[in-house]
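Visitor: below: sequence and its predicted model.
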Amino acid sequence: MLRFVLSGLVAVVLVSVITAQVSRNVAVDIAIAEALDRSIDGARRVAEPVLFDSVIDGDPAALARVDEAIRSEMSSTSLVSVNLWTDDGTIVYSTEPRLIGEQFDLHDDQVAIFHGSEPLAEVTDPAAPENRFEADEKLLEVYVLSSTQEGTPLLYEAYYRYSGVTTMGRQISRRFAPVALGAVLVVELVQIPLAIRLARRLRSGQLRHERLIGHAMAASDAERRRIADGLHVGALQELVGSSMSLAAASRTADGADPCLDAASAGVRESVKSLRSLLVDISPADVATGDLETAFAQLLERLDGHGVATDLVVVSDGTLLGPNTTSLLYRTAQELVRDVLGDGTASSVRFELRVQNGSVEFAAVDNRAVDDCVTESATGAPDDARAAGPTVATALSDLIHDAGGQLTTTRGVTFGRWTRVELPLLDGAGSWKWQR
């Protein structure tokens with residue numbers, strides 16, 4: 001829902017920015033169109049009736065009549081100044097008297113107007129020499145074709161304040177912004193109930209999935225305990241009895257029978273292996289939540305093979321759910337088997353941290369790496385399998401399905417680092433992160 005609301009706010013901001021930009025562009029177009037119309041009207045209605053060739057000749061009286069007519073127009077509009085050009089670039093009249101009589105190079109688009117091109121409107125270039133006397137403000141200049149009463153063509157150049165463009169942009173934005181933003185807000189309000197419904201359905205499906213994971217874990221543990229109990233009261237007891245019978249039968253009047261002694265010793269070893277297997281299948285310490293003791297027993301197997309071990313447990317007293325403890329123990333179990341199967345590691349370190357609502361298990365060893373390539377995998381089981389067989393495929397899938405995260409990293413020439421994060425199990429029986 002937070003992501004949905006944030007996306008809605010982003011949409012509102014984007015619509016606001018786009019509306020402002022569109023309003024500005026529309027305002028520029030409208031302002032240019034109005035400036036063109038005003039310039040054409042000013043040239044035809046105001047300037048041409050008092051324009052004679054005598055203005056080109058610099059007659060003071062003719063210039064005074066033109067100046068009076070144009071300044072009366074400036075007092076009632078946003079018109080700032082006016083220049084009249086001949087086709088050779090000479091300014092024959094200007095509201096800035098210092099420009100009268102000066103000659104400048106005309107641009108190609110200005111020359112084209114003398115030959116029938118459409119009027120031109122553009123933002124004033126302050127660096128242009130003819131604009132050196134203009135006030136330091138942004139202006140819009142318009143060029144239209146005009147003529148004297150005798151028919152001599154002149155270029156009518158009018159300057160308008162550009163602030164009118166921005167003012168018009170704000171006016172247009174105030175007209176369109178409520179409509180645009182209102183439409184976005186209406187869509188947002190319509191979608192909120194749908195988003196809430198979808199979020200509830202998603203959460204419900206997630207809870208069902210998490211309950212299924214929990215039931216699968218519980219069923220797996222129950223089946224393991226049933227198998228362990230069956231072996232303990234059945235085959236294990238029978239093997240113990242057979243061992244004792246063989247040991248007794250080997251004691252005859254003629255002395256010990258070496259064959260029977262060997263058979264008895266073999267059965268005792270089988271009993272020992274079977275008891276270890278029973279602990280692997282259903283360790284009592286895991287059932288009670290004592291992972292520290294269960295991990296210590298796992299590491300004892302490595303001690304027996306000459307592997308130095310170290311166990312670090314940091315806990316704030318948070319109780320772990322049975323599914324979490326079972327999955328962590330089975331992960332550690334697979335890691336021990338992997339180390340024993342590899343046979344190149346001389347040290348293994350287990351770290352279990354349960355604090356600040358986080359459950360993390362890490363295992364570090366110094367086994368040799370044949371390919372001398374650093375690899376890392378995080379998250380999905382396919383990625384985890386790509387980094388090597390540190391954790392069995394089925395177990396990595398189960399970690400992923402349970403909402404956990406598995407990270408495996410191999411060193412350049414030796415060493416492997418495996419880290420597992422698992423969610424806690426809350427009172428309602430659903431997996432959830434406590435971070």
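Guide: Cool, got the structure.
Visitor: and residue 24, that's in a helix?
Guide: Yes: with DSSP: H, G, I helix; E, B strand; the rest coil as the criterion, residue 24 is assigned to a helix.
Visitor: ok, the nearest residue to residue 268 once chain neighbours are set aside - how many residues close by?
Guide: Closest residue to residue 268 apart from its sequence neighbours, by CB to CB, 6 or more residues apart in numbering: residue 243 at 5.1 Å. C-beta coordinates here come from the backbone N, C-alpha and C atoms, glycine included. For residue 243, the count of nearby residues is 19 (other CB atoms under 10 Å).
Visitor: hmm, residue 243 is touching residue 260, no?
Guide: No: look at residue 243 against residue 260 with CB atoms under 8 Å: they stay out of range, at 10.7 Å.
Visitor: just the strands in the stretch 201-350 of the chain please.
Guide: Listed from the start of the chain, the stretch 201-350 of the chain has strands (DSSP state E, counting those that start in this stretch) covering 251-252, 255-256, 308-315, 347-355.
Visitor: in three-state terms, label residue 135 for me.
Guide: coil.
Visitor: so what's it closest to, chain neighbours aside?
Guide: residue 80 (7.6 Å).
Visitor: mind checking the SS state of the one you found?
Guide: On the three-state scheme (three-state DSSP), residue 80 is labelled strand.
Visitor: ok, it - contacts?
Guide: 74, 134-135, 139, 159-161 (CB atoms under 8 Å, 6 or more residues apart in numbering).
Visitor: just the buried members of those residues?
Guide: Buried by 16 or more other CB atoms under 10 Å: 74, 134, 139, 159-161, out of the contacts of residue 80.
Visitor: including pLDDT, distance to residue 15 and secondary structure, could the residues you listed go into a markdown table?
Guide: Formatted as a markdown table, the buried ones among the contacts of residue 80 follow (pLDDT from 0 to 100; distance: CB to CB, whole Å; DSSP: H, G, I helix; E, B strand; the rest coil):
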| residue | pLDDT | distance to residue 15 | secondary structure |
| --- | --- | --- | --- |
| 74 | 84 | 40 | helix |
| 134 | 76 | 38 | coil |
| 139 | 84 | 32 | strand |
| 159 | 90 | 35 | strand |
| 160 | 86 | 31 | strand |
| 161 | 81 | 30 | strand |
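Visitor: between those, which is nearest residue 119?
Guide: residue 160 (13.3 Å; CB to CB).
Visitor: and that closest one, how far from residue 176?
Guide: Separation of residue 160 from residue 176 (CB to CB, to the nearest Å): 24 Å.
Visitor: alpha carbons of the lengthiest strand in the chain, as PDB, please.
Guide: Counting residues, the longest strand found in the chain (DSSP state E) is strand 358-368. The C-alpha trace of strand 358-368 is given here as PDB (Å, rounded to 0.1, in the frame of the first residue of the first chain):
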ATOM      1  CA  SER A 358      17.000 -11.300  13.300                       C
ATOM      2  CA  VAL A 359      18.000 -15.000  12.900                       C
ATOM      3  CA  GLU A 360      21.200 -15.600  11.100                       C
ATOM      4  CA  PHE A 361      23.400 -18.700  10.700                       C
ATOM      5  CA  ALA A 362      26.800 -18.600   9.200                       C
ATOM      6  CA  ALA A 363      29.400 -21.300   8.500                       C
ATOM      7  CA  VAL A 364      33.000 -20.700   7.400                       C
ATOM      8  CA  ASP A 365      35.600 -23.300   6.500                       C
ATOM      9  CA  ASN A 366      39.000 -23.400   4.800                       C
ATOM     10  CA  ARG A 367      38.500 -26.200   2.300                       C
ATOM     11  CA  ALA A 368      40.400 -26.100  -1.000                       C
END
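Visitor: that one - what's its average pLDDT?
Guide: Regarding strand 358-368, the rounded mean pLDDT is 85.
Visitor: for it, what is the distance to the chain centroid?
Guide: Relative to its parent chain, strand 358-368 has a centroid offset of 29 Å by CA atoms, centre = their mean, to the nearest Å.
Visitor: give me the sheet partners of it and which way each runs.
Guide: Note on strand 358-368: by DSSP bridges, its sheet partners are strand 347-355 (antiparallel), strand 414-421 (antiparallel).
Visitor: what sits up against it?
Guide: With contacts defined as CB under 8 Å, 6+ apart, strand 358-368 is touched by 318, 320, 324, 328, 331-332, 335, 339, 342, 344-353, 413-424, 434-435.
Visitor: make a PyMOL selection of whichever of the residues you listed turn out to be buried.
Guide: Those of the contacts of strand 358-368 that count as buried under 16+ other CB under 10 Å are selected in PyMOL with:
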select buried, resi 320+324+328+331+332+335+339+345+348+349+350+351+352+415+416+417+418+419+420+421+422+423+424
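Visitor: any idea how far residue 137 is from residue 31?
Guide: In this view, residue 31 and residue 137 are 15 Å apart by CB to CB.
Visitor: the two: who's more crowded?
Guide: Shown here are residue 31 and residue 137; by other CB under 10 Å, residue 31 has more neighbours (21 against 11).
Visitor: you'd agree that one is up against residue 138?
Guide: No: if you go by CB under 8 Å, residue 31 and residue 138 don't touch, sitting 11.9 Å apart.
Visitor: one step back: which one of the buried ones among the contacts of residue 80 is nearest to residue 146?
Guide: residue 159 (15.4 Å).
Visitor: my guess is the closest one contacts residue 124. True?
Guide: Yes: assessed by CB under 8 Å, residue 159 is found in contact with residue 124 at 6.6 Å.
Visitor: average pLDDT for the helix or strand where residue 167 lies, rounded please.
Guide: Element membership for residue 167, per DSSP states H and E: helix 163-231. Summarised as a single mean, pLDDT over helix 163-231 is 73.
Visitor: which helices and strands does that helix pack with?
Guide: Applying 3 or more CB pairs under 8 Å, 6 or more residues apart in numbering; DSSP states H and E, we find helix 163-231 packed against helix 2-41, helix 258-281, helix 322-342, strand 431-432.
Visitor: next, the angle from the longest strand of the chain to strand 308-315.
Guide: Strand 358-368 and strand 308-315 are oriented at 170 degrees to each other (axes from the mean of the first three to the mean of the last three CA atoms, to 10 degrees).
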